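Participant: take this sequence and fold it.
(one chain, ligands or ions: 1)
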Amino acid sequence: MGHNMGAQMERINPTGIPRSELVWALGQTRLVSQARARDACLLCRGPGVNEAGLCRICYSLLSDEELVLARRWLAGVGP
Ligand SMILES: [Zn+2]
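Facilitator: Okay, here's the model as predicted:
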């Protein structure tokens, strides 16, 4: 019982990361770079990702907190 996250979060889930991990993932240069290189959205693995590694649909669903981080990527600032 209880959640066991953290211990097994080293490798990215092939079907995309859990939404709850997105804030964390946007701080991981390697994950964002991989998503962009593969053109596979961090969340849904869909194509057409932007500089933040997110597809247009997922990007439109970001919370304020997530958007702040994603915009840093779009602006070329990085994590
Ligand atoms: Zn997506």
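Participant: please make it C-alpha for all contacts and neighbour counts, starting now.
Facilitator: Will do.
Participant: how about the residues of the protein by the ion?
Facilitator: Contact residues, the chain versus the ion (CA under 5 Å from the ion): Cys41, Leu43, Cys44, Cys55, Cys58.
Participant: among those, who's most crowded?
Facilitator: Cys41 (27 neighbours; other CA atoms under 10 Å).
Participant: quick one: secondary structure of that residue?
Facilitator: Using DSSP: H, G, I helix; E, B strand; the rest coil, the structure places Cys41 in coil.
Participant: over to Tyr59?
Facilitator: helix.
Participant: quickly note the distance from the most centrally placed residue in the chain to Val77.
Facilitator: Geometric centre of the chain, nearest residue: Leu42, 4.0 Å, by CA atoms, centre = their mean. To Val77, Leu42 is 18 Å away according to CA to CA, to the nearest Å.
Participant: ditto for Arg30
Facilitator: Applying CA to CA to Arg30 and Val77 gives a distance of 15 Å.
Participant: and the residues of the chain next to the ion as a markdown table, adding pLDDT?
Facilitator: Formatted as a markdown table, these follow (pLDDT from 0 to 100):
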| residue | pLDDT |
| --- | --- |
| Cys41 | 97 |
| Leu43 | 96 |
| Cys44 | 95 |
| Cys55 | 97 |
| Cys58 | 96 |
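Participant: looking at those residues, which is nearest Pro18?
Facilitator: Leu43 (6.8 Å; CA to CA).
Participant: let me know the secondary structure of the closest residue to that closest one other than its chain neighbours.
Facilitator: Distance criterion CA to CA, 6 or more residues apart in numbering; nearest residue to Leu43, sequence neighbours excluded, is Gly16 at 4.6 Å. The assignment at Gly16 comes out as coil when based on three-state DSSP.
Participant: and if you look at Val68?
Facilitator: Going by three-state DSSP: Val68 is helix.
Participant: can you give me the neighbour number for it?
Facilitator: Count around Val68 with other CA under 10 Å applied: 13.
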